[in-house]
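J.: Only the shape, not the letters, is given here:
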Ligand code: PMT
């Protein structure tokens, strides 16, 4: 899908994360989530169409990587953190639409777990919060987080803006079936660090991506 969009991001460097992360349990099993990557891929394609140099750091995607962007495939949250940090200084805008796993198995088994051993307990530990790490390091970059919520969207979104020191937070209600994870459409509330917010009604992820980027470009330094 390519439609005419004004080149509002001409020459800007934009890094977008998309899709789920994958945390290994053993060589054949993993923990992951329902993210298809559609939202992040739509943002990457829209930013490209608006003239940006786009880097897309992504977990396993259910949609193709768009042409004309630099795509880097990663698996775990640690891979994503290292990949993003290594490129952070060069960016004008960073958008974290990936659904990063909050927990990973404490031990990764090098052999496949056999059922003969009986019930299996997997101990989980917290992963590093990539967005929060970037919030602490940012200098000139405009930093945008997403928030997947199932309740108290506004309160949680405002907490995340403050805690993770982001410039914008895009909150979607993932309890609704036709938007959010895996869907072709999304409907979000965009919160700005200064407290302003705007509701962006249900539309295709492509249209929403153009609208979001049009907001962000106003604050690019
Ligand atoms: O991929 P799709 O199927 O198109 O679905 C899109 C989406 C629902 C995944 C997307 O719109 C979305 O909401 N992405 C963020 C999902 C998420 O992880 O939300 P969260 O509220 O758990 O995390 C908040 C923010 O912190 C996110 O920007 C996330 O990338 C970031 N985070 C979270 C945990 C962690 N360890 N590191 C992070 O950087």
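T.: Perfect, thanks for sending it. This one's a predicted model, so the numbers in the text were calculated from it and none came from an experiment.

J.: Let's test this: mean pLDDT of the helix or strand containing residue 43, rounded?
T.: Using DSSP states H and E, residue 43 maps to helix 38-49. On average, the pLDDT along helix 38-49 is 98.

J.: Report the angle between the very next helix or strand once past it and helix 38-49.
T.: Where DSSP H and E defines the elements, the next helix or strand beyond helix 38-49 is strand 53-58. Orientation check (axes from the mean of the first three to the mean of the last three CA atoms, to 10 degrees): strand 53-58 against helix 38-49 gives 170 degrees.

J.: which one is the residue nearest to the spatial centre of the chain nearest to, not counting chain neighbours?
T.: In the chain, the centroid-proximal residue (CA atoms, centre = their mean) is residue 97; its distance is 1.8 Å. Excluding the flanking residues, the one nearest residue 97 by CB to CB, 6 or more residues apart in numbering is residue 40, at 4.0 Å. Every C-beta, even on glycine, is put in place using the N, C-alpha and C of the backbone.

J.: measure that neighbour to the ligand for me?
T.: Residue 40 is 6 Å from the ligand, where distance means CB to the nearest ligand atom, to the nearest Å.

J.: Same question for residue 74.
T.: For residue 74, the distance to the ligand - CB to the nearest ligand atom - is 13 Å.

J.: Where does the closest residue in space to that residue that isn't next to it in sequence sit: helix, strand or coil?
T.: The shortest distance from residue 74 to any non-neighbouring residue, by CB to CB, 6+ apart, is to residue 80 (4.8 Å). Reducing the assignment at residue 80 to three states with DSSP: H, G, I helix; E, B strand; the rest coil gives helix.

J.: which ones are touching residue 80?
T.: Going by CB atoms under 8 Å, 6 or more residues apart in numbering, residue 80 touches 17, 21, 57, 59, 74, 98, 100, 130.

J.: now for these, which pair is the farthest apart?
T.: By the measure CB to CB, 59 and 130 form the most distant pair in the contacts of residue 80, at 12.1 Å.
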